[in-house]
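Peer 1: Pasted the sequence and its predicted model underneath.
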Amino acid sequence: MNKKTLAYHLKDIQHFYGNTKVLDIDDLKIQKGSITGLIGPNGSGKSTLLKLLAFAQKPTCGHILYNGQKEFPFSPTIRSKVTLLTQKPYLLKRNVFENIAYGLNIRKDKRHLKEKVKKALRTVGLNFEVFAHRKWHELSGGEAQRVAMAARLILKPEVLLLDEPIASVDTKSAKLIREASLKARDNWGATLVIASHDLQWLYSISDMQLSIFKGNIFSTGMENIITPPFEKYNKDLIAKKLTDGQIIKLKSPSPKTNTAIIRKKSISIDLETQKDLNILNQLHGHIASMLLEKKTGYIMSAISIHDMSFILRLTPDQISTLDLYPGKKVILKFQANDVEWI
Amino acid sequence: MNKKTLAYHLKDIQHFYGNTKVLDIDDLKIQKGSITGLIGPNGSGKSTLLKLLAFAQKPTCGHILYNGQKEFPFSPTIRSKVTLLTQKPYLLKRNVFENIAYGLNIRKDKRHLKEKVKKALRTVGLNFEVFAHRKWHELSGGEAQRVAMAARLILKPEVLLLDEPIASVDTKSAKLIREASLKARDNWGATLVIASHDLQWLYSISDMQLSIFKGNIFSTGMENIITPPFEKYNKDLIAKKLTDGQIIKLKSPSPKTNTAIIRKKSISIDLETQKDLNILNQLHGHIASMLLEKKTGYIMSAISIHDMSFILRLTPDQISTLDLYPGKKVILKFQANDVEWI
Amino acid sequence: MDYIVAGFFKAFELLISGDNATWSAVWVTLKISTISMLLSIGAGLPCGFLIGYFDFKYKKHLRTLLDTMLALPTVFIGLAVYAFISHHGPLGELGLLFTLTGIAIGQTILAFPIVTAITASTIESIDDDLKLTLVSLGAGKRNILATCLWEVRYGILAAAVTAYGRVLTEVGISMMVGGNIKYHTRTITTAIALETNKGMFADGIALGLVLISIAFIVNLSLSFLRKQ
Amino acid sequence: MDYIVAGFFKAFELLISGDNATWSAVWVTLKISTISMLLSIGAGLPCGFLIGYFDFKYKKHLRTLLDTMLALPTVFIGLAVYAFISHHGPLGELGLLFTLTGIAIGQTILAFPIVTAITASTIESIDDDLKLTLVSLGAGKRNILATCLWEVRYGILAAAVTAYGRVLTEVGISMMVGGNIKYHTRTITTAIALETNKGMFADGIALGLVLISIAFIVNLSLSFLRKQ
Amino acid sequence: GNKGLMMATTTSTDGTGLLDYLIPYFEKETGNMLKWTATGTGKALKLGQNCDVDVLLVHAPPSEKKYIAAGYGKDRREVMYNDFVIIGPKHDPAKIKGKNISDALTAIKNKQAVFTSRGDDSGTNKKEKLLWKNAGIEMPDKEAWYLQTGQGMQATINVCQEKMGYTMTDRGSYIKYESQKGGHAPLKILVEGDSILLNQYSVLTLNPNNCPNANYTLALQFSDWMASQKAQNLIKDFRLLGKELFIPNAK
Ligand SMILES: Nc1ncnc2c1ncn2[C@@H]1O[C@H](COP(=O)(O)OP(=O)(O)OP(=O)(O)O)[C@@H](O)[C@H]1O
Ligand SMILES: Nc1ncnc2c1ncn2[C@@H]1O[C@H](COP(=O)(O)OP(=O)(O)OP(=O)(O)O)[C@@H](O)[C@H]1O
Ligand SMILES: [Mg+2]
Ligand SMILES: [Mg+2]
């Protein structure tokens, strides 16, 4: 990667709340003009990472290069260029117009203010006449979220960090926000990092996905995570027992690690079991959902194995051949030693 | 419907914020022990309806019968029986334990408090030892949401009103919350009304769905809504023009109404066009996603027609026959007069 | 200048030597300020809550009135209370003139608007979501009162501390209603006024320091209630 | 009792008859209270903001100190200021004794801790999300100060109004530093004290009512700043 | 019941420390408790009129007589006096030292030298007004050189000292002031000795017709005690800087 094209470079970042380490990132690079999706369960550290990237908080250890330079909160380079949409969008105790215009006012940029606000509202699907003069508390949850989004978009920032921008937003607005994000990248070359639990939406927008789990980052996209407790299975293997009686066998971990990751590419899907080769897992389940990954044409499929969910990336061919559809019973297969431990 | 089995009966409810009418419900009945899903775009009135059902606000006009009785805020019948999880969950400025125990403390119910809190936390997937003593602000967004949920579940209320309970919650916890909701109904006969934008999740939990649009309720489940502007097409028909050039023709409305609804059952899916019968719409698009509706085995499919999204309910047979999968190009067909205007 | 330095030494002397008159004034001051704080908090918190929590028609007017009450001069309150409890006054029978109870009544009137006004504006700042949450968890009116006050406890503390400062330092009421009677109703502040009147500035400073020490100790013991 | 009623009539009389001494006191009171409020707000808001917004090591101690300063008796402040500006004091050259400027300095010292303490606890109550939002929108330090204060404007208003009540009603500083000199440094409150001492209770009540009217008018004109 | 005796008095008796010295003897001898509140003469009389006290110790003979005539007071017993003096800066810019009282005031007026007045209608203030009248000078009010402090004697002396002006004070207060300055007071006595400058203190009992609940018997007992030889001697022995502050003159 060319250094000149790097928006962010995080080195040896560790972040603590009190004594608890919540982020641990050795090295992370984010390209200029890229859209990065952040995926991870609750409490994995997504919001914390976004706050660090926004320079709204200082990491406990390590440092962050922005455009190749070490930067800190309140540095003028950062202030007007990096913008974060927080997870709980906070509206100032003013009306919608003033909320959206706030960032521009700070920048003393008052030209065409009304037109800009109008446009920003339109971008998130809100009507200027109806909403501009609403007070901050006279909005529904999703409307507030979208106003907050508009307040970020109007700034045309170099970096747009979005923390669950569509959490309480309806489908139509989610689409609008996606389009606005893509436009931000295409029109003024913005770099975007977006955290969301809506994987379909995130996949439809991002160039690459980072999975966070317990503060660690895996840049290979969405992973299938198997959490403790495990039991000893035999000398080499340990087992995760599902309550329906199925067993997932895994190669024993090193002592310190205790969470297993099975990469998507290691898992295959089938309709019938084959003779047990002992170290092969063959898990019975059914397809819960299938979503189109628009850019690639792949179909992200969620397969329920009892109370666990595995994500696979299937081709149209595979689906046609196996005649797959949501509800269809399938078998997932992967080797016990296709596991990575963290 | 037997009156004795009705949890709620809303009659001629209208609710205004200022001069704007945001709810208009002639008659709505909710069965005891049912799980009702509330679906609707941002600002359609879901939260307002839930607040009315919780007797946390009084409707501007009309009245609400609870168990056959007119009830009002602070009536002792209501207070300890109806519980609302608000859209923006507010945690009291205390630790997690005290937040969850708050409702029980109010009810002066101190027996087995610790066990109950432990159990409630477990229900939402949080570890007692890790979280019980966390302060209210030491939680991630999704963790806070789940603590708020636990604080409601612990009360074992007769009615549980959930306003977007999984908005910022991860997939695994969403599942837990679904299970907890189902248990609430099965174990102590709770009545649930749940608003969510996650349709898959909502379909997987609710017995019936209510669609809200601009404060009006349609109890037939999720509808396909076509919004203005419309243009005159010919004497009888008006048209919605999509920006890709496609046209949706619709039977002219009565003057006062301006939003069109096409019920799922009126739409059919096909791979090829047929000869135009003039009043038949044949819209080209592709399948965006397919989700299993667990209870029925139907597959809820979202079809993208340019920038609009239609929802259909397909059978596994249909899918196999047409070889459908996300990404597949399809054609939706419906009659111009299969429209309802509101 | 010199009397300020002298005052510092004198303050130590007064306290250490166990000067009777000083200790009596300290004791009187503590007693009446405690009573009046308890009364004004007892009445002011609920009133402030009601005014801050609910929206009603004449709320703005009531707030203006309350703010105006913040500007009740102590001598004025003293005169008004005197009018009621003096021998010819309607409450003359109770014999409250020149008593600590009398002073405490006046100081309660002084502190009440402070507690009420600051509580009201603190309560006003609470989130609508809190109100909704409490109702939705089944809180009754009392629970709502108690929980809301607890949510904004730092604001309430500020109200109490401000009112306490006011009560502790007022002279007009103590003078008019209490009469500054040595060993009986002489408070630290009336003693300061007396010393100053006599031109004994060093003694005035010394007594002022004693009063500030009391406030310091009280605030120190309250500071564990503070955040962080 | 009767003198309270008499006081009401007298108050009208004083104002309507254009009594020179009364109007002079009204004017003096307005002038010094305006100056001291401007100064104490100008200094108190930023200080309160800093204390409330940031977390630092000795914050709790500083708050305790500030709370203690709320209990500075006015006579004490008066004595201290007097020590500095009296003929023999270090600032004696400036000739501030028995001037309105002198009183205003003392009253600023009186009002500053009130403005600061209430502002600090109001600012403390603001949401972390607001801070984060401001930073994320590119607000600089000044913007943050201004916006935060504006977000909690009702709390700030309460701080100002409380301090104003305190300044308007204080006697000790005006008496000690101003000297209660008729037509020059006599404020309404020192006039009340004087009338009361003379046994002219009705006049005291009347002047008290005049003061309260001033406060009322000021608060009324501030009330448009209030919510709803 | 016997709650003891409540007295209202003027600031000068309390401020000089006389009462702190004298009253314990009374309490010990008679076994009665006596509490006092020290205020301006006007307020003291008012408290008596409202029956909030039992007995008065004041120094404004004309007002006292009117007070009795109005039916508020009963017995008036003169117990002691001191005198008023005019003090001013050592260098005496208006050159009043040694002049008689009227000439002195005229000189002050003509020179426009600062004169601080208590302006509080107290006994002292009333006396001062009388002096201006006797000197044939129209009562000053708004004149820039005439400062009305509206405060007690010490505060007024204090203002006077800061302004390097003149003022009229009772001797007791002046001695007290002198003692506080360690004998180096910047203000000196410039005019004294005129018989008009006499400052008479009296004990007044309240008229039982007006105040039936006031403790008249005990008040009379106190009045008697103050006039007793014992008390008179005690008053005579009360000194500051070796100087007598009050001269007993009970008849
Ligand atoms: N102020 C705080 N003090 C202590 N712990 C905190 C604090 N804020 C967050 N945490 C913890 O840090 C971890 C990471 O939090 P973070 O908000 O980054 O998670 P997240 O990935 O954004 O989760 P979510 O999906 O729920 O928003 C969580 O375990 C959380 O409990
Ligand atoms: N306090 C208020 N004052 C004025 N209008 C309000 C107020 N609260 C909500 N509204 C408006 O009322 C309508 C219904 O709001 P409501 O919160 O019920 O919507 P919702 O369906 O819950 O939306 P969302 O999906 O965004 O949560 C919206 O148009 C909103 O703008
Ligand atoms: Mg988060
Ligand atoms: Mg809502």
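Peer 2: That came through fine. Ligands and ions are numbered 1, 2, ... in the order given.

Peer 1: Tell me, what's the model's pLDDT at the closest residue in space to residue C:74 that isn't next to it in sequence?
Peer 2: Spatial nearest neighbour of residue C:74, excluding adjacent residues (C-beta to C-beta, 6 or more residues apart in numbering or on different chains): residue C:172 at 3.0 Å. In this view, the C-beta of every residue, glycine as well, is placed from N, C-alpha and C. For residue C:172, the pLDDT comes out at 93.

Peer 1: isn't residue C:172 right up against residue C:73?
Peer 2: Yes - here residue C:172 lies in contact with residue C:73, judged by C-beta atoms under 8 Å, at a distance of 6.6 Å.

Peer 1: Neighbour count for the two, which is higher?
Peer 2: Of the pair residue C:172 and residue C:73, residue C:172 is the one with more neighbours under other C-beta atoms under 10 Å in any protein chain shown, namely 30 against 27.

Peer 1: how near is residue A:78 to residue D:137?
Peer 2: Using C-beta to C-beta, to the nearest Å, we find residue A:78 at a distance of 12 Å from residue D:137.

Peer 1: higher neighbour count, these two?
Peer 2: A count of neighbours by other C-beta under 10 Å puts residue D:137 above the other of residue A:78 and residue D:137, at 27 against 22.

Peer 1: Now for the closest residue in space to the more buried one that isn't next to it in sequence: which residues touch it?
Peer 2: In space, and not counting its chain neighbours, residue D:137 is closest to residue A:103: 4.4 Å by C-beta to C-beta, 6+ apart. By C-beta atoms under 8 Å, 6 or more residues apart in numbering or on different chains, the residues touching residue A:103 are A:83, A:151-152, A:154-155, D:137-138.

Peer 1: still on that earlier bit, shared neighbours of residue C:172 and residue C:73, anything?
Peer 2: residue D:171.

Peer 1: any low-confidence regions in the stretch 1-150 of chain E?
Peer 2: In the predicted model, the stretch 1-150 of chain E carries pLDDT under 70 at residues E:1-3.

Peer 1: Enumerate the residues of it near chain D.
Peer 2: Counting by C-beta under 8 Å from any C-beta of the partner chain, the stretch 1-150 of chain E comes close to chain D at E:39-47, E:119-122, E:141-142, E:147-150.

Peer 1: Now, of these, which are buried?
Peer 2: E:39-47, E:119-122, E:147-150 (16 or more other C-beta atoms under 10 Å in any protein chain shown).

Peer 1: What about those residues, which are in helices?
Peer 2: E:41-47 (DSSP state H).

Peer 1: quick one: the helices in chain E?
Peer 2: Remark: helices assigned in chain E by DSSP H are E:11-15, E:18-30, E:41-49, E:61-69, E:101-111, E:123-134, E:153-163, E:171-180, E:216-227, E:229-237.

Peer 1: To residue A:35, which of those lies closest?
Peer 2: helix E:153-163 (76.5 Å; C-beta to C-beta).

Peer 1: Next, format the helices of chain E as TSV and append distance to residue B:175.
Peer 2: Converted to TSV, the helices of chain E look like this (distance: least, C-beta to C-beta, whole Å):
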stretch	distance to residue B:175
helix E:11-15	83
helix E:18-30	84
helix E:41-49	81
helix E:61-69	92
helix E:101-111	98
helix E:123-134	89
helix E:153-163	81
helix E:171-180	85
helix E:216-227	89
helix E:229-237	96
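
Peer 1: State the number of residues packed around residue 171.
Peer 2: Defaulting to chain A. By other C-beta under 10 Å, neighbour count at residue A:171 equals 17.

Peer 1: Switch to chain C, please.
Peer 2: Other residues close to residue C:171 by other C-beta under 10 Å number 27.

Peer 1: so who does it touch?
Peer 2: Residues in contact with residue C:171 (C-beta under 8 Å, 6+ apart) are C:74, C:189-190, C:192-193, D:73-75, D:171-172.

Peer 1: Direction included, what does the longest strand seen in chain E pair against?
Peer 2: Across chain E, the longest stretch assigned as strand under DSSP state E is strand E:73-89. Within its sheet, and counting by DSSP bridges, strand E:73-89 is paired with strand E:166-170 (antiparallel), strand E:187-191 (antiparallel), strand E:198-206 (antiparallel), strand E:247-248 (antiparallel).

Peer 1: Thanks a lot, catch you later.
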